[in-house]
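Participant: Take this sequence and fold it.
(chains A, B, C and D)
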There are 4 protein chains.
Amino acid sequence: MDDRGKGDMDRSRYVGVIGAGSCSDAIYELAREVGHEIGKRGWVLVCGGLGGVMEGAAKGCFEAGGTTVGILPGPEREAANPYIHIALPTGLGEARNVLVVRASEALIAVAGGYGTLSEIGLALKMGRSVIGLETWQGIQGIEHVSTASEAIEMVLRRLSHG
Amino acid sequence: MDDRGKGDMDRSRYVGVIGAGSCSDAIYELAREVGHEIGKRGWVLVCGGLGGVMEGAAKGCFEAGGTTVGILPGPEREAANPYIHIALPTGLGEARNVLVVRASEALIAVAGGYGTLSEIGLALKMGRSVIGLETWQGIQGIEHVSTASEAIEMVLRRLSHG
Amino acid sequence: MDDRGKGDMDRSRYVGVIGAGSCSDAIYELAREVGHEIGKRGWVLVCGGLGGVMEGAAKGCFEAGGTTVGILPGPEREAANPYIHIALPTGLGEARNVLVVRASEALIAVAGGYGTLSEIGLALKMGRSVIGLETWQGIQGIEHVSTASEAIEMVLRRLSHG
Amino acid sequence: MDDRGKGDMDRSRYVGVIGAGSCSDAIYELAREVGHEIGKRGWVLVCGGLGGVMEGAAKGCFEAGGTTVGILPGPEREAANPYIHIALPTGLGEARNVLVVRASEALIAVAGGYGTLSEIGLALKMGRSVIGLETWQGIQGIEHVSTASEAIEMVLRRLSHG
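Facilitator: Numbers count the residues shown, from 1 in each chain, chains lettered A, B, ... in the order given. Presented below is the predicted three-dimensional model:
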């Protein structure tokens, strides 16, 4: 019996959720479901700390009892959405995208624009798994799924073999 | 009666503790006491996540029930000391010093070498209060104190008038 | 008669060339042609300073009399290819991609992998024009062309209306 | 006869000049002299690209025929002083200080405030020589001199044994 793998998955995981700072209600809800899946496992959700997908995901994780980290582009902590436990202003602008990716063991992209595209590129470059929900098509390496629970299943599979 | 000021001080504060990655037992213990003062108030301790003063401070905060954030220079989470709740690898090298300072509302320097000196300069440049314990002398702007509890008293005073 | 616009185009431009650190001979040659077009106008070529597309482009620009800037991921200047006039080690790892984009008024992507994808995302996010040569397909915003001279024509058009 | 050492010193050197963005006429003139010494050797002067000491140094180097690189904190190239050949906007804020230091083989501090102090700390941490002209006192590791030519003599001595 191999308990090590199980133990590995019991420790807290850092999962990034990336997406645009403004989004439709449907995408916000999808992000919230993703965050909920992360939070109910007691994991750490890493995101950019602002609105839209970042807020939806943080809200879901927060409500489910997980920990939320927001790595902000500007110099002011106050820019963080209200569901961020640990808000880190960086003053680095877009360069903070690199930190969101670096701090995540795997990433879930929910829809998203060019900023998200840059994070997908960085994540695949750094060897992180990228799971996609209604996000950029045609990029080899993204594993597309249809629901929040499928996204988490994929994260679990990738991290347990990581 | 003005409850607002009091309420302000009740919310979680982010206090940075800066110092070298290796240090004497006496300095480690001093850092631990500083961390303990931060932790027992339920605040967030921000540090560079490695050994020495960073570990001593994180240990004290961890033991007292606070939250510890380690912003690491390298790309690997595993480099964090065991008392870090939220470990953030950056891969930025020395540039992560800027992030430690930016994320802290006030900083306490415990002894320290050139890396600490760079953080003191950045903190004073960004308008953060810097409280010093057995640290660099002759730099206008550092407020020198002698004990961990004096350091926290000074942080409280500076943040309540901030 | 409006000389100002013309004058604007006479001043030195900063054009980024992005692509992978290793590539086929054909792509290297294409990058060299792009660099040549930049160099013969006396412009500044900005790139990541390493091999492959970065070297091909720098070589072409260097030979044609332009100036080449290499923004390196590592801490060592010696990693720059031999056609870089100004080599800037950063020690920031992948985060240096942000600097390549920020320092470029427009970018030409020549083939490229995930690192290039991250730069394309960042460039489009920051409002830079991205001209593509045999690069990522299916990303709205990239203007695809077939030859080095078409790429420069497109850069000229975008910058003169910028 | 060993020509290699001599050859080493003939190649272009990258020397950083650090100091405040505003300064007295006397300090501006001193910075200009330092820049002149760098420029007449055909070296590359690295600085933060803004006014004050950065401008004085860039002006001296520019006039003497050297190359000037300005690594700017903001996102706009236009913030560079008029004596910068290669202006690199970063959008990184104070974190650009790390890049100025990393790109310099040795640094000359001319007067300066807290930003300069942070660069001195980073430079000494990274093992760069720091030569001081009317700058921060009491920091072990800075080599204090009195004139621009003495500063360059010291740079030459340190780099030839580096």
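Participant: Determine the set of other helices and strands touching the longest helix along chain A.
Facilitator: For chain A, the helix with the greatest residue count under DSSP state H is helix A:25-40. With contacts defined as 3 or more Cβ pairs under 8 Å, 6 or more residues apart in numbering or on different chains; DSSP states H and E, helix A:25-40 has these neighbours: strand A:14-18, strand A:44-47, helix A:53-63, strand A:106-110, helix A:148-160. Every residue, glycine included, has its C-beta placed from N, CA and C.
Participant: Can you name the residues of chain A that neighbour chain B?
Facilitator: A:14, A:44, A:67, A:69, A:71, A:75, A:77, A:86, A:88-92, A:98-99, A:102-103, A:126 (Cβ under 8 Å from any Cβ of the partner chain).
Participant: got the buried residues for the longest helix of chain A?
Facilitator: A:27-28, A:30-39 (16 or more other Cβ atoms under 10 Å in any protein chain shown).
Participant: Which single one of the residues you listed is nearest to B:S118?
Facilitator: A:I38 (35.4 Å; Cβ to Cβ).
Participant: Would you enumerate the residues in contact with that closest one?
Facilitator: A:15, A:17, A:45, A:57, A:60-61, A:64, A:66, A:152 (Cβ atoms under 8 Å, 6 or more residues apart in numbering or on different chains).
Participant: Return the member of those residues nearest to chain D.
Facilitator: Distance to chain D across those (Cβ to the nearest Cβ) is lowest for A:V17, with 24.0 Å.
Participant: now the residue lying closest to the closest one once chain neighbours are set aside: how far from A:S104?
Facilitator: The shortest distance from A:V17 to any non-neighbouring residue, by Cβ to Cβ, 6 or more residues apart in numbering or on different chains, is to A:A57 (3.9 Å). Distance check for A:A57 against A:S104: by Cβ to Cβ, to the nearest Å, it reads 12 Å.
Participant: Who has more neighbours out of these two?
Facilitator: Neighbour count, other Cβ atoms under 10 Å in any protein chain shown: between A:A57 and A:S104, A:A57 has more, with 36 against 27.
Participant: residues contacting the more buried one?
Facilitator: Residues near A:A57 by Cβ under 8 Å, 6+ apart: A:17, A:19, A:31-32, A:34-35, A:38, A:45, A:47, A:110.
Participant: quick one on the thing from earlier: chain D next: which of the residues of chain A next to chain B are close?
Facilitator: A:75, A:91-92.
Participant: Compare those residues and tell me which is most surrounded.
Facilitator: A:L92 (28 neighbours).
Participant: quick one, what contacts the residue nearest to that residue when sequence neighbours are not counted?
Facilitator: Of all residues not flanking A:L92 in the chain, D:L92 sits nearest, at 5.5 Å (Cβ to Cβ, 6+ apart). D:L92 makes contacts with A:91-93, A:95, C:99, D:73, D:99, as judged by Cβ under 8 Å, 6+ apart.
Participant: Among the residues you listed, which lie within strands?
Facilitator: Counting by DSSP state E, none of the members of the contacts of D:L92 fall within strands.
Participant: These, buried ones only, as a PyMOL selection?
Facilitator: Here is the PyMOL command that selects the buried residues among these (16+ other Cβ under 10 Å):
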select buried, (chain A and resi 91+92+93+95) or (chain C and resi 99) or (chain D and resi 73+99)
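Participant: Helices - which of the contacts of D:L92 land there?
Facilitator: Per DSSP H, the subset of those in helices is C:99, D:99.
Participant: And the residues of chain A next to chain B, which of them are buried?
Facilitator: Counted by 16+ other Cβ under 10 Å, the residues of chain A next to chain B give A:14, A:44, A:67, A:69, A:71, A:77, A:86, A:88-92, A:98-99, A:102-103, A:126 as buried.
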